[in-house]
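1. Quick one: sequence plus predicted model below, questions after.
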Amino acid sequence: MVILNERDILADISTLDRAWVQPQTFVLLPDKCVLSQTQVQAALAELPAELQTRHFLLLTSGSTGNPKLIVASRERAESLVQVLHQLQDSDCVKQTVLALPLTYCYAFINQWLWSRFHQRRLEMDADLSRPDRFKEALRRADHAMLCLVGVQVPLIERYLEQEIFPGVIRVHFAGGRFPQEKLNDIQRIFPRAQIFNNYGCAEAMPRLTLRRAEDSQHPGNIGKPLPGILLDLNSSGELVFKSPYGAVGYIDAEGFHRITPADWVATGDLAERREDGSWQILGRANEVFKRYGEKIALPILMQTVAACWNGVAGFYRETDANGENGHVLMLAPEPLPEQVRSILRAFRVHHPRAHWPLRIESVPALPLLPNGKIDRLALPQLRHKTIHWHQRV
């Protein structure tokens with residue numbers, strides 16, 4: 001079994017190319033890995049013999065904090081890349097600029113494997129941790145594709161200022177809430193770009209649905225399933241899927257778990273089917289809850305915040321003094337008093353009091369997971385927070 005680290009492939013991308021063509025199964029790990037080398041070796045020993053060749057493993061923990069290694073088929077991944085190439089109208093794309101780690105399934109499939117399979121250039125010498133180099137890469141871009149997560153949009157606006165980049169012709173979002181309210185800003189920065197909302201999860205490896213940005217005005221609308229993929233709801237209203245491209249299993253603390261073609265795999269998201277055949281995400285299962293008998297959906301509240309706040313924002317759950325479920329709004333960077341008042345006015349106009357946050361807090365920057373999403377599990381433990389407002393319950 002071959003173990004590759006992020007630093008290995010950044011130093012020499014041909015390391016990953018060689019691993020892909022060799023029969024032995026490999027695992028790709030981020031530099032900041034929650035698993036020790038011993039734990040990884042023990043996990044790999046759990047793999048059945050038939051999965052020890054022509055497969056690969058990626059680490060995911062997402063917002064659950066429970067790490068697991070997702071086992072995927074290289075043949076399935078290449079089939080998905082071909083489907084995405086057609087549906088994303090990528091034939092005219094000459095290169096892709098990397099803004100996310102390749103250890104993140106979304107970037108690994110949609111950028112590295114896509115660029116390898118279709119013989120397009122992968123621009124790796126720039127990312128958002130080096131704004132000047134990232135900006136220069138976008139200036140040089142020629143018929144380029146960019147893959148982002150929504151939380152990166154405020155950073156891009158700040159780093160790129162008022163400059164525009166006509167060389168970027170495809171902008172893809174995945175890995176969290178689609179930044180619908182920012183579409184005009186994104187289109188201003190990338191005036192020639194077609195923008196897509198991609199939805200999936202690591203177990204889907206990673207894509208389930210796709211929609212063009214203009215096909216819906218609702219950020220929760222994820223479009224229609226890709227060809228061959230089946231979507232349904234379980235008894236709890238959670239979106240489940242069957243996919244010919246998805247993972248074949250995963251390894252967690254309890255060992256190896258096989259995913260068979262007959263299995264419905266849970267996404268962790270509550271959803272509903274629309275009349276036109278598209279699907280609407282209502283929120284993660286832990287983002288929809290009751291407070292004083294009223295249904296609270298944090299993704300809906302985030303739409304209210306995003307309409308009047310240009311920074312980064314996230315919620316974390318907390319119970320109030322009466323033991324009722326509640327939530328805290330965390331902003332970054334620190335807002336001005338008038339910005340806090342604007343957010344509060346928006347809550348008063350659009351939502352009854354039970355939907356308001358228990359507090360509005362801020363820190364200079366929100367902690368992020370390696371895949372660029374907000375580390376929501378870390379939000380309650382942050383120190384040196386500024387409290388701007390709290391409910392007097």
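-> Cool, the structure landed.
2. contacting residues around the nearest residue to Gln82 once chain neighbours are set aside?
-> Excluding the flanking residues, the one nearest Gln82 by C-beta to C-beta, 6 or more residues apart in numbering is Phe117, at 7.3 Å. All C-beta spots, glycine's among them, are computed from the backbone N, C-alpha and C. Neighbouring residues of Phe117 by C-beta atoms under 8 Å, 6 or more residues apart in numbering: Glu78, Val81, Gln82, His85.
3. for Ser236, same thing?
-> For Ser236, the contacting residues are Leu270, Ala285, by C-beta under 8 Å, 6+ apart.
4. Next: Ile387.
-> Applying C-beta under 8 Å, 6+ apart, the residues contacting Ile387 are Arg359, Ile360, Glu361.
5. how about a cut-off of 6 Å?
-> By C-beta atoms under 6 Å, 6 or more residues apart in numbering, the contact list for Ile387 reads Arg359, Glu361.
6. Listing partners with orientation, what would you give for the host helix or strand of it?
-> Under the criterion of DSSP states H and E, Ile387 resides in strand 386-390. With DSSP bridges as the test, strand 386-390 is paired with strand 359-362 (antiparallel).
7. Give the rounded mean pLDDT of the partner strand.
-> Averaged over strand 359-362, pLDDT sits at 97.
8. Need the contact partners of that strand.
-> By C-beta under 6 Å, 6+ apart, strand 359-362 touches 328-331, 334-335, 340, 385-390.
9. What subset of those is buried?
-> Buried subset of the contacts of strand 359-362 (neighbour count, 16 or more other C-beta atoms under 10 Å): Val328, Leu329, Met330, Leu331, Pro335, Val340, His388, Trp389.
10. can you map out the helices along the stretch 51-200 of the chain?
-> 74-87, 105-107, 114-117, 131-140, 153-160, 183-189 (DSSP state H, counting those that start in this stretch).
11. Leu47 is in what secondary structure piece?
-> Going by DSSP H and E, Leu47 is not in any helix or strand.
12. what about it, how many neighbours?
-> 19 (other C-beta atoms under 10 Å).
13. Point me to the helix or strand that includes the closest residue to it other than its chain neighbours.
-> Closest residue to Leu47 apart from its sequence neighbours, by C-beta to C-beta, 6+ apart: Phe256 at 6.4 Å. Using DSSP H and E, Phe256 sits within strand 255-258.
14. Report all helices and strands that the following helix or strand past that strand contacts.
-> Once strand 255-258 ends, the next helix or strand along the chain (criterion: DSSP H and E) is strand 265-273. In terms of contacts (3 or more C-beta pairs under 6 Å, 6 or more residues apart in numbering; DSSP states H and E), strand 265-273 is packed against strand 238-242, strand 279-284.
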